[in-house]
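Asks: Structure of the sequence below:
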Amino acid sequence: MRWDRFFEDIEDQLESEWEAERVALETEAERLRLSKLTLHERMAALVGAETAPALELVDGTVVTAPLCALGADWLLASPWRTRSGAALVPLSSVSAVRMPHAELLRTARPAEPPRKAPVSRRAGFGFAVRDLVRRRAGVAVHLTGGRVLTGTIDRAGADHLDLALHDPGAPRRRTDVTAFHLVPFAAIAWIDVDAPVVP
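Replies: This next block holds a predicted model:
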């Protein structure tokens, strides 16, 4: 009888040690998984979410709007300010993201196995800016230094854009353009996009 209890105790100890080792391995595996998690992956988990995150940007602006699109190095928050307005933000301009704790935890969970990523997820900031050129949308380009330039983007290169300056909300007419600026993407904190205007 004593030997039975002795062997039961040894079995219980071994089982406890194995369980502790399993938990430690799972904890270490989770730490390793989290160490490889990128901001881009966490932002991808917020696209289409019911709760709108508050994006704190390098120029001090806080954009609180649902994320509707994500590119390789940018995100689009819309609707922003108006039903048709949007904020195009380079990921490098995001200094912090505020959200409820439950959403924060959800973004850190393992993602479902990736299907083929949409083209927009692989497209860079220039791709999104070229879409604004095509739409002839009125914009307010917020620079990292705090200055704001309003107008219409005429062209977008690999790392810069050409902006025709005119009054906000007004269509781009040659007679209303007050100046032209070449703006490097690196100087852009974010772009406030109005409803498209007819030239």
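Asks: Tell me, how many residues neighbour the closest residue to E56 other than its chain neighbours?
Replies: Nearest in space to E56, with sequence neighbours left out and distances taken as CB to CB, 6 or more residues apart in numbering, is A96 at 4.1 Å. Any C-beta I mention is one placed from the backbone N, CA and C, and that applies to glycine too. Neighbour count of A96, defined by other CB atoms under 10 Å: 10.
Asks: Tell me how far A96 lies from L55.
Replies: 8 Å (CB to CB, to the nearest Å).
Asks: repeat for V97
Replies: Taking CB to CB, one finds V97 at 6 Å from L55.
Asks: who's more crowded, these two?
Replies: L55 (25 against 17).
Asks: Secondary structure of the more buried one: a strand, I assume?
Replies: Yes. L55: assigned to a strand according to DSSP: H, G, I helix; E, B strand; the rest coil.
Asks: what are the phi and psi values for the nearest residue to it once chain neighbours are set aside?
Replies: Closest residue in space to L55, ignoring its immediate chain neighbours: V63 at 4.5 Å, by CB to CB, 6+ apart. Main-chain torsions, V63, degrees, to the nearest 10: phi -100, psi 110.
Asks: Which stretches in the protein count as helices?
Replies: 2-35, 39-46, 101-108, 119-122, 125-135 (DSSP state H).
Asks: picking up where we left off before, surely the residue nearest to L55 and L57 touch.
Replies: Yes. V63 lies in contact with L57 (CB atoms under 8 Å); the separation is 6.6 Å.
Asks: so what sits against both of the two?
Replies: Shared contacts of V63 and L57 (CB atoms under 8 Å, 6 or more residues apart in numbering): V89, W190.
Asks: distance of A179 from L88?
Replies: 22 Å.
Asks: whoops, I mixed them up, K36
Replies: From K36 over to L88 (counting by CB to CB), the distance is 28 Å.
Asks: higher neighbour count, those two?
Replies: L88 (25 against 7).
Asks: can you pull the contacts of the residue lying closest to the more buried one once chain neighbours are set aside?
Replies: Leaving out its chain neighbours, the residue that sits closest to L88 by CB to CB, 6+ apart is I191, at 4.3 Å. If you count contacts by CB under 8 Å, 6+ apart, I191 has them with A87, L88, V89, V129, L132, V139, A140, V141, H142.
Asks: one more time with 10 Å
Replies: 74, 76, 86-90, 125, 128-129, 132, 137, 139-142, 149, 153, 161, 163, 183 (CB atoms under 10 Å, 6 or more residues apart in numbering).
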